[in-house]
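Participant: based on what follows, work out the 3D shape:
(one chain, ligands or ions: 2)
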Amino acid sequence: MDHKGQMKTSRLRELLGTRTIAIPGAFNALIAMQIERAGYEALYVSGAALSACRGIPDIGLLTLTDVTAEAGRIAQAVSIPTIVDADTGYGGPQAAAEAATAFEEAGLAGMQIEDQEEAKKCGHLPGKRLVPVADMAAKIEAAVHARRDPNFLIVARTDARGVEGFDAAVRRALTYAEAGADALFPEALESAHEFGTFASEIRKGGVTLPLIANMTEFGKTPLLSVTEFESLGYRGVLFPVTALRTALRAIEALLAELKLFGTQRDWLHHMMTRQELYNLLGYINSQGPQEGERYEPGHERVSRD
Ligand SMILES: C[C@](O)(C(=O)O)[C@H](CC(=O)O)C(=O)O
Ligand SMILES: [Mg+2]
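Facilitator: Residues are numbered from 1 along each chain as shown. Ligands and ions are numbered 1, 2, ... in the order given. All right, here's what the predicted structure looks like:
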């Protein structure tokens with residue numbers, strides 16, 4: 001952890017302590033740069049998106065080494081804080097402690113750990129299994145103990161809603177707060193009403209930690225806006241796979257048309273131009289944009305490649 005890393009961790013705490021923010025998921029460093037440039041104040045590295053980018057499902061196949069390398073690259077490409085999805089913590093308390101150390105050193109501002117058993121699944125699928133509450137609490141304690149920067153954020157996610165029920169989700173979250181978690185994340189709640197009740201039950205339990213909501217699509221949770229979550233008492237709203245799903249659909253459509261027509265001409269206006277991509281990368285091309293490199297509607301030649 002360096003000075004820059006410490007600034008990001010304290011910034012993340014400050015943000016979650018004061019207002020409600022949208023936290024989009026970045027599936028690589030370039031997308032992280034886009035997220036920062038679009039004005040977001042924090043970003044998320046999703047296990048589901050990272051797995052998908054490797055061509056594998058989100059069933060706990062990513063290792064700590066894999067995630068540290070990729071999430072570290074993402075975090076270091078931007079100056080806003082990054083929260084990484086650490087799945088189940090990659091094992092027991094010792095593994096969770098190692099994860100906290102590795103992520104902190106790699107420049108992450110926080111990590112999210114969930115209470116599923118190790119052969120995990122997407123939190124919005126049926127058939128999940130949870131570890132005993134004491135086992136999860138031990139992982140949180142170990143991660144909290146392992147961090148060197150006290151601001152490195154440990155987000156405790158409970159998947160209990162779809163397994164043991166709503167009340168168990170509240171009870172588990174309260175226990176995780178006691179174990180030292182810095183933020184609570186109730187996974188796969190099924191209505192705005194449940195989000196509101198969860199928040200008020202947590203407050204009734206005497207816990208004032210920031211709450212995180214997950215706005216993943218096509219799952220169990222109806223789509224609510226950041227403003228709605230703000231009024232329900234949530235401080236961070238994740239959009240973990242939103243950019244990836246959108247990119248995938250666009251690429252699917254492009255590929256179909258390219259195959260059919262043998263040219264990408266009609267797609268130029270959907271593309272970021274060479275110069276715009278260079279600008280995003282901060283790459284100063286010493287020769288500047290070449291004639292014909294900028295897209296103008298009606299012009300077919302865009303790049304000199
Ligand atoms: C938030 C999540 O853990 C993720 O990996 O991004 C997933 C998202 C998803 O699968 O849609 C989740 O379990 O909710
Ligand atoms: Mg995940």
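
Participant: quick check: I74 vs L238, distance?
Facilitator: Separation of I74 from L238 (C-beta to C-beta, to the nearest Å) stands at 15 Å. The C-beta positions use only the backbone N, C-alpha and C, and glycine is treated the same way.

Participant: of the two, who's got more company?
Facilitator: Per other C-beta atoms under 10 Å, whichever of I74 and L238 has more neighbours is I74, with 28 against 24.

Participant: please name the nearest non-neighbouring residue to the more buried one.
Facilitator: With sequence-adjacent residues excluded and distances taken as C-beta to C-beta, 6 or more residues apart in numbering, I74 is closest to A32, at 4.7 Å.

Participant: tell me where this protein has strands.
Facilitator: Under the criterion DSSP state E, strands of the chain are mapped to 21-24, 43-45, 82-85, 110-114, 153-158, 183-186, 212-214, 236-239.

Participant: quickly run through the sheet partners of the fourth one, with directions.
Facilitator: So the one you mean is strand 110-114. Paired neighbours of strand 110-114 in the sheet (DSSP bridges): strand 82-85 (parallel), strand 153-158 (parallel).

Participant: just send the ones you listed back as a markdown table, with mean neighbour count too.
Facilitator: Conversion of the strands paired with strand 110-114 to a markdown table gives the following (neighbours: other C-beta atoms under 10 Å):
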| stretch | mean neighbour count |
| --- | --- |
| strand 82-85 | 28 |
| strand 153-158 | 27 |
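
Participant: quick one: which of the ones you listed is nearest ligand 1?
Facilitator: In terms of C-beta to the nearest ligand atom, the element of the strands paired with strand 110-114 nearest to ligand 1 is strand 82-85, at 4.7 Å.

Participant: check what contacts the closest one and list those residues.
Facilitator: Contact partners of strand 82-85, identified using C-beta atoms under 8 Å, 6 or more residues apart in numbering, comprise 8, 12, 23, 26, 32, 42-48, 50, 67, 71, 74-75, 103, 107-112, 153, 155, 236, 240.

Participant: out of these, which end up buried?
Facilitator: Buried residues within the contacts of strand 82-85, defined by neighbour count using 16 or more other C-beta atoms under 10 Å: 8, 12, 23, 26, 32, 42-48, 50, 67, 71, 74-75, 103, 107-112, 153, 155, 236, 240.
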